[in-house]
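S.K.: Any chance you can model this:
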Amino acid sequence: MHPLIEQGLKENRNLTEPEAKTLLREYGFSVPEFHICTSYTEAAKAAEQLGYPVVMKVVSPDILHKTDVGGVKIGLTNKEDILNAFEEIKKAVKSFSGVIVYHMQEKGVEIIIGALYDEQFEHAIMFGLGGIFVEVLKDVSFRLIPITNRDAKEMITEIKGYPVLTGVRGEPPKDIDAVVNLLLTVSLLVEKNPAIRELDLNPIFVYEKGYTIIDARIVL
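M.R.: This next block holds a predicted model:
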């Protein structure tokens, strides 16, 4: 089991977003470079290094949905934005331990990959397109972990929104091979770390070549 997960279990808490993204990066996932900052000065310096525009999010193991509590600020383009965002986040949340800052990523086709634990079936993996496809249409596919390469490909092709990934309205096709590898690696990650009870990668932006994971949540 990974040391970050062992530490979370020892302290009886879930992983923070930086911990979750560090874990993902060590497994070879594509995650934007980020800085953890505990002051406005650190956040402004990080933004300069990463390049504007940036995103700022609260860091807390107690907050699962950061947007709901005012813990996410996007499209910050200067030091004044950084100062305002930092102060607003600090005021909005009770359990403030800092913020994560990363360069705002180019938008791609949004997908969601999740994993969950069931007492009867143990771990399962979920795939779907993001946004309205998952929220309203519930257009998702499931398999029990571990999955095979064939399972991963079937999960992608059997959802109704699959044509969005192959290219519609003049859009170029997206990197489906990268998504297959992504699903296989999530399956491996959960298999090797069975203490994970929920894993939520949402959204993931998929491009013509590659992908990037924007948000990551891991419940132990």
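S.K.: beta partners for I112?
M.R.: G128 (DSSP bridges).
S.K.: I figured it was touching M126, is that so?
M.R.: Yes: here I112 lies in contact with M126, judged by C-beta atoms under 8 Å, at a distance of 7.5 Å. (Each C-beta comes from the backbone N, C-alpha and C, glycine too.)
S.K.: shared neighbours, the two?
M.R.: Residues touching both I112 and M126 (C-beta atoms under 8 Å, 6 or more residues apart in numbering): V140.
S.K.: What is the burial count for V31?
M.R.: 20 (other C-beta atoms under 10 Å).
S.K.: so where does it fall, helix or strand?
M.R.: Taking DSSP states H and E as the definition, V31 sits outside all helices and strands.
S.K.: Ok, E87 next?
M.R.: According to DSSP H and E, E87 maps onto helix 79-92.
S.K.: Then I100?
M.R.: strand 99-103.
S.K.: got the contact list for that strand?
M.R.: For strand 99-103, contacts defined as C-beta under 8 Å, 6+ apart pick out 17-18, 21, 32-38, 43, 46-47, 50-51, 53-59, 86, 89.
S.K.: cool, stretch 150-159 as well?
M.R.: So stretch 150-159 is contacted by 125, 127-129, 133, 139-143, 147, 162, 165, 176, 179-180, 183-184, 187 (C-beta under 8 Å, 6+ apart).
S.K.: again, only this time at 10 Å
M.R.: 111, 113, 125-129, 133-134, 137, 139-145, 147-148, 162, 165-166, 176-177, 179-187 (C-beta atoms under 10 Å, 6 or more residues apart in numbering).
S.K.: what comes up buried for that stretch?
M.R.: D151, A152, K153, M155, I156, I159 (16 or more other C-beta atoms under 10 Å).
S.K.: And stretch 207-216, by the same measure?
M.R.: Y207, Y211, T212, I213, I214, D215, A216.
S.K.: Kindly report the same for stretch 107-118.
M.R.: So, applying 16+ other C-beta under 10 Å, buried residues of stretch 107-118: G108, V109, E110, I111, I112, I113, G114, A115, L116, Y117.
S.K.: What does the pLDDT read for H65?
M.R.: H65 carries a pLDDT value of 69.
S.K.: Would you check that A47 makes contact with T77?
M.R.: Yes: at 9.1 Å, A47 counts as touching T77 under the criterion of C-beta atoms under 10 Å.
S.K.: out of those two, which sits in the busier spot?
M.R.: Using other C-beta under 10 Å, the more surrounded residue of A47 and T77 is A47, with 26 against 12.
S.K.: nearest residue to that one other than its sequence neighbours?
M.R.: Distances taken as C-beta to C-beta, 6 or more residues apart in numbering place V54 nearest to A47, at 4.7 Å, with adjacent residues excluded.
S.K.: cool, and L144?
M.R.: L144's closest residue in space is A124 (C-beta to C-beta, 6+ apart), at 5.4 Å.
S.K.: which of the residues in the helix or strand bottoming out on mean pLDDT in the chain are buried?
M.R.: Lowest on mean pLDDT, DSSP states H and E among the helices and strands of the chain sits helix 132-135, with a mean of 75. Within helix 132-135, the residues scored as buried using 16+ other C-beta under 10 Å are F133, V134.
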